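Trainee: the following block contains a protein sequence and its predicted model.
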2 protein chains.
Amino acid sequence: MKRQVTLHDVARDAGVSIKTVSRVVNGEEHVSPGTRERVLASVRRLGYRPNEVARSLKGGGSRMLGLLIADISNPFYASIAKAVEDESRQAGYSLVLCASSEDVDREREYVEMLFRRRLEGLLLVPAPNGHDYLRREIQAGLVVVAIDRPVDGLGVDTVLVENRSGTYAALRHLILHGHRRIGFVGAEHQLYTVRERLAGYEQALRESGLEPMVELDAPDAPRAAAATRRLLELPVPPTALFCVNNLATLGALQTLRTLGLRVPEDVALVGFDDFELAELLHPTLTMVRQPTEEMGRLGARMLLERLNGEYTGEPRRVVLPTQLMLRESCGCRRNIDQESERCTLP
Amino acid sequence: MKRQVTLHDVARDAGVSIKTVSRVVNGEEHVSPGTRERVLASVRRLGYRPNEVARSLKGGGSRMLGLLIADISNPFYASIAKAVEDESRQAGYSLVLCASSEDVDREREYVEMLFRRRLEGLLLVPAPNGHDYLRREIQAGLVVVAIDRPVDGLGVDTVLVENRSGTYAALRHLILHGHRRIGFVGAEHQLYTVRERLAGYEQALRESGLEPMVELDAPDAPRAAAATRRLLELPVPPTALFCVNNLATLGALQTLRTLGLRVPEDVALVGFDDFELAELLHPTLTMVRQPTEEMGRLGARMLLERLNGEYTGEPRRVVLPTQLMLRESCGCRRNIDQESERCTLP
DNA sequence: TTGTACGCGTTATCAA
DNA sequence: TTGATAACGCGTACAA
């Protein structure tokens, strides 16, 4: 990095003091038009640009936010990131992207780094387990907002979706279609969203006196594929599957294709976390949609409201609604005549 | 932001000078074990963490990189971002995420901001047109690496893929399958990648004496759908389509479905920019794969090599190979017996 | 209207 | 082995 152009350089060039240059640059009052012109000319000639690092140090705040997610290549997080980036930029903040891979240690390292760089706020999709370390950061002034999952016992603003009732609605739908054996293709029980969705699943089954069939070792597509296979190779296999998220859904589809099973004729399928191509697959996929962009946008807004003092009250918890996107994979189309009233459920 | 714990606080607490604390914190020599212990105890007790902003100002560099892409919700960019984030983190850099939406003005605003924050390097997927402004930033010390598209006339390290020959191979494949009328579903001609792929398309057609059928107004899925419809409603419609990227491919599929045309029986299809679900669609999609993660990883490495002085030579231009992923949508499977030798082309 | 002097938290220089 | 002091670039308080 070459030596940069500073206020001093401009001041010398324009024949004024650095304070005058500072005034001009920041558009303050009390500068005569003449000097202003002269200073601006020097600014242009020398190519002066303010050093935000110095401004931050002086006390203005770093005007940077962090977004900590598991994996940006997952469209769920990418969609959140898109909204957060947009809101940050509009508010004049820069956004630091951090990926934890669901690893608390990596998360903690990242948060430590963010704190040292004096980021003002953090949008966090907390990895499973142990967020006590965050208490210290919050006490030291870092503003945190949790998205997708709560971070328990810390009283931070939180944006969630209706995991439980969204799943419940999806399962009611399958049950009303006549399914009695419905498998759950899940992921680590440590994940809040998985627990909640599992609870919705179990509630729906319990109410109908059905037996749960649960596979939880499906944190990524390949393992979801294996989990699905285990379910389908049961002595009495399920006639329908509920997949806990987009990755699990892809894995399940993989296996269904491998085994040559037709959807929904042989096995019906509903998944959580809708994605763009669900409408282009064959069959089209019935999915529980969560408003990913809105989650990001809202989380960012809540964070910014804290930062600029627009909100100073108690921690907020927003729970956004989900939506059951009825398409073909649940068997709806097949039964649409005889059960049309039921298909309008959600 | 509360008042933070500084070197002074630690120094006072430990009864030493700030320089001594600084030495301990940075693991320098010339500190007696006794004082070191005392200082470390104070550091822990007070919860001191170094202020990287101050370090940056002092001259250590900000240890931050920028990644400027069009849209993080596009899996192509998300995949690049994943790799870049990973490389940055490993090198001890933080990554600022910037989305330009292909808008040069927004790009310029972002770069200006990045410069003011004194980011050390920038990984850039340049928006179309006018990058003269970058010259100034580079001269001022910003290190730039271009990914996916070159930024002309500026002599920066660049990572590209074989757009032209990749497309050429795809079209040869279609032509050898007997297609004589092949449509091109493209995007703005201003985009380097589009121009290159179009050139590959035209070359293949020219060599076989075929007539190009080109639609360029397909920058997103909906407009790609419309463009595809225009092609297919021609008096003599194409029997095959080449789609310039993943978005164009999705748009084309949309229209094919709407019109009730079968792929590949009625219309064959090959697209550029493979994506995960191409294998799960029906039919599975024959696509030109580009090594997105490697593009990001390599770009990041080249940038880091510049920053740490490992490389100081002439601007480098790396062109990564693409790969034709033969699946069903090109009609390959149908003809695989009679043309198996041709199918091994790529 | 303009300028001087100080502080932000750190590292670097040089002396003790 | 230690410490006082000067940068780094900027904004603020206070004078002029």
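Mentor: All right, it came through fine. Just so it is clear, the structure is predicted and the values come from calculations on it, not from any experiment.

Trainee: with chain B as the reference, measure out to the residue of the stretch 201-346 of chain A found nearest DNA strand D.
Mentor: Closest to DNA strand D within the stretch 201-346 of chain A is residue A:308: 15.6 Å, counting by CB to the nearest atom of the strand. For every residue, glycine as well, the C-beta is placed using N, CA and C. Note on residue A:308: its distance to chain B, by CB to the nearest CB, to the nearest Å, is 13 Å.

Trainee: number of nearby residues for that residue?
Mentor: By the criterion of other CB atoms under 10 Å in any protein chain shown, residue A:308 has 9 neighbours.

Trainee: what about the residue of the stretch 101-250 of chain A found nearest DNA strand D, distance to residue B:244?
Mentor: In the stretch 101-250 of chain A, the residue that lies nearest DNA strand D is residue A:118 (13.3 Å; CB to the nearest atom of the strand). Distance of residue A:118 to residue B:244, given as CB to CB, to the nearest Å: 44 Å.

Trainee: neighbour count winner among the two?
Mentor: With neighbours defined as other CB under 10 Å, residue A:118 and residue B:244 compare such that residue B:244 has more, 30 against 21.

Trainee: pretty sure the more buried one contacts residue B:194?
Mentor: Yes. Contact status for residue B:244 versus residue B:194: in contact at 5.6 Å, counting by CB atoms under 8 Å.

Trainee: about what we covered before: next one: phi and psi at the residue of the stretch 201-346 of chain A closest to DNA strand D?
Mentor: With angles defined as degrees, to the nearest 10, residue A:308 sits at phi -90, psi 10.

Trainee: ok, it - contacts?
Mentor: Counting by CB atoms under 8 Å, 6 or more residues apart in numbering or on different chains, residue A:308 makes contact with nothing.

Trainee: separation between it and residue A:155?
Mentor: From residue A:308 to residue A:155 the distance is 20 Å (CB to CB).

Trainee: ok, back up a step: and the pLDDT at the residue of the stretch 101-250 of chain A closest to DNA strand D?
Mentor: At residue A:118, the model reports a pLDDT of 96.

Trainee: surely it is in contact with residue A:56?
Mentor: Yes. Using CB under 8 Å, residue A:118 makes contact with residue A:56 at a distance of 6.7 Å.

Trainee: who touches both of those two?
Mentor: Taking CB under 8 Å, 6+ apart as the criterion, residue A:118 and residue A:56 both touch A:62, B:53.

Trainee: let's verify the closest residue to residue A:165 other than its chain neighbours: helix, strand, or coil?
Mentor: Among residues not flanking residue A:165 along the chain, residue A:200 sits closest, at 6.4 Å (CB to CB, 6 or more residues apart in numbering or on different chains). Three-state call for residue A:200 (DSSP: H, G, I helix; E, B strand; the rest coil): helix.

Trainee: now do the contacts for residue A:200.
Mentor: Residue A:200 sits in contact with A:163, A:164, A:165, A:166, A:167, A:168, A:171, where contact means CB under 8 Å, 6+ apart.

Trainee: name the residue of chain A that lies nearest to chain B.
Mentor: Proximity of chain A to chain B (CB to the nearest CB) peaks at residue A:282, 3.4 Å away.

Trainee: look up how far residue A:286 lies from the residue nearest to residue A:269 when sequence neighbours are not counted.
Mentor: Spatially, and ignoring its direct neighbours in sequence, residue A:269 is nearest to residue A:329 (4.4 Å; CB to CB, 6+ apart). Distance, residue A:329 to residue A:286, using CB to CB: 5 Å.

Trainee: who touches both of the two?
Mentor: With CB under 8 Å, 6+ apart, residue A:329 and residue A:286 have common neighbours A:269, A:270.

Trainee: check the gap between the closest residue to residue A:236 other than its chain neighbours and residue A:78 for me.
Mentor: Nearest residue to residue A:236 in three dimensions, chain neighbours excluded: residue A:181, at 6.7 Å (CB to CB, 6+ apart). As judged by CB to CB, residue A:181 and residue A:78 stand 35 Å apart.

Trainee: got the phi and psi for the residue of the stretch 151-300 of chain A found nearest DNA strand C?
Mentor: Closest residue of the stretch 151-300 of chain A to DNA strand C, CB to the nearest atom of the strand: residue A:156 (24.2 Å). Note on residue A:156: backbone dihedrals following degrees, to the nearest 10 are phi -110, psi 160.

Trainee: SS state for the closest residue to it other than its chain neighbours?
Mentor: For residue A:156, ignoring the flanking residues on the chain, the nearest one in space by CB to CB, 6+ apart is residue A:144 at 4.5 Å. Assigned with three-state DSSP, residue A:144 falls in the strand class.

Trainee: now do the same contact list for the residue of the stretch 101-250 of chain A closest to DNA strand D.
Mentor: When contacts are counted by CB under 8 Å, 6+ apart, residue A:118 touches A:56, A:61, A:62, B:1, B:4, B:51, B:52, B:53.

Trainee: try 10 Å
Mentor: Residues in contact with residue A:118 (CB atoms under 10 Å, 6 or more residues apart in numbering or on different chains) are A:56-57, A:61-62, A:64, A:140-142, B:1, B:4, B:49, B:51-54.

Trainee: try residue A:74
Mentor: So residue A:74 contacts A:80, A:99, A:220, A:245, A:246, A:247, A:273, A:275, B:75, B:78, B:82 (CB under 10 Å, 6+ apart).

Trainee: then stretch A:291-301 to CSV, C-alphas only?
Mentor: Presented in CSV, the C-alpha positions along stretch A:291-301 are these (Å, rounded to 0.1, in the frame of the first residue of the first chain):
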residue,chain,number,x,y,z
PRO,A,291,-39.8,-16.4,3.9
THR,A,292,-36.0,-16.4,3.7
GLU,A,293,-35.5,-12.9,2.3
GLU,A,294,-37.9,-11.5,4.9
MET,A,295,-36.0,-13.2,7.6
GLY,A,296,-32.8,-11.6,6.6
ARG,A,297,-34.4,-8.2,5.9
LEU,A,298,-36.2,-8.1,9.2
GLY,A,299,-33.1,-9.3,11.1
ALA,A,300,-31.0,-6.6,9.5
ARG,A,301,-33.6,-3.9,10.3
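
Trainee: that stretch near chain B at all?
Mentor: Yes. Stretch A:291-301 is in contact with chain B by CB under 10 Å from any CB of the partner chain, via A:292, A:293.

Trainee: now that stretch: average pLDDT?
Mentor: On average, stretch A:291-301 scores 98.

Trainee: how far does it sit from the chain's center?
Mentor: Taking the mean of its C-alpha atoms, stretch A:291-301 sits 8 Å from the chain's own mean (CA atoms, centre = their mean, to the nearest Å).

Trainee: in it, what's buried?
Mentor: By 16 or more other CB atoms under 10 Å in any protein chain shown, the buried positions in stretch A:291-301 come out as A:291, A:292, A:294, A:295, A:296, A:297, A:298, A:299, A:300, A:301.

Trainee: state the pair within those that is farthest apart.
Mentor: A:292 and A:301 (15.0 Å; CB to CB).

Trainee: list the contacts of the nearest residue to residue A:128 once chain neighbours are set aside.
Mentor: In space, residue A:128 comes closest to residue A:190 once its chain neighbours are excluded; the distance is 3.8 Å by CB to CB, 6+ apart. Going by CB under 10 Å, 6+ apart, residue A:190 touches A:102, A:127, A:128, A:129, A:216.

Trainee: how much space separates residue A:190 from residue A:332?
Mentor: Residue A:190 sits 33 Å away from residue A:332, going by CB to CB.

Trainee: before we move on, what about residue A:252?
Mentor: Per CB to CB, residue A:252 is found 18 Å from residue A:332.

Trainee: also residue A:207?
Mentor: 21 Å.

Trainee: low-confidence ranges in the stretch 201-346 of chain A?
Mentor: Residues of the stretch 201-346 of chain A meeting the criterion pLDDT under 70: A:333-346.

Trainee: ok and the residue in it nearest DNA strand C?
Mentor: As assessed by CB to the nearest atom of the strand, DNA strand C sits closest to residue A:307 within the stretch 201-346 of chain A, at 18.3 Å.
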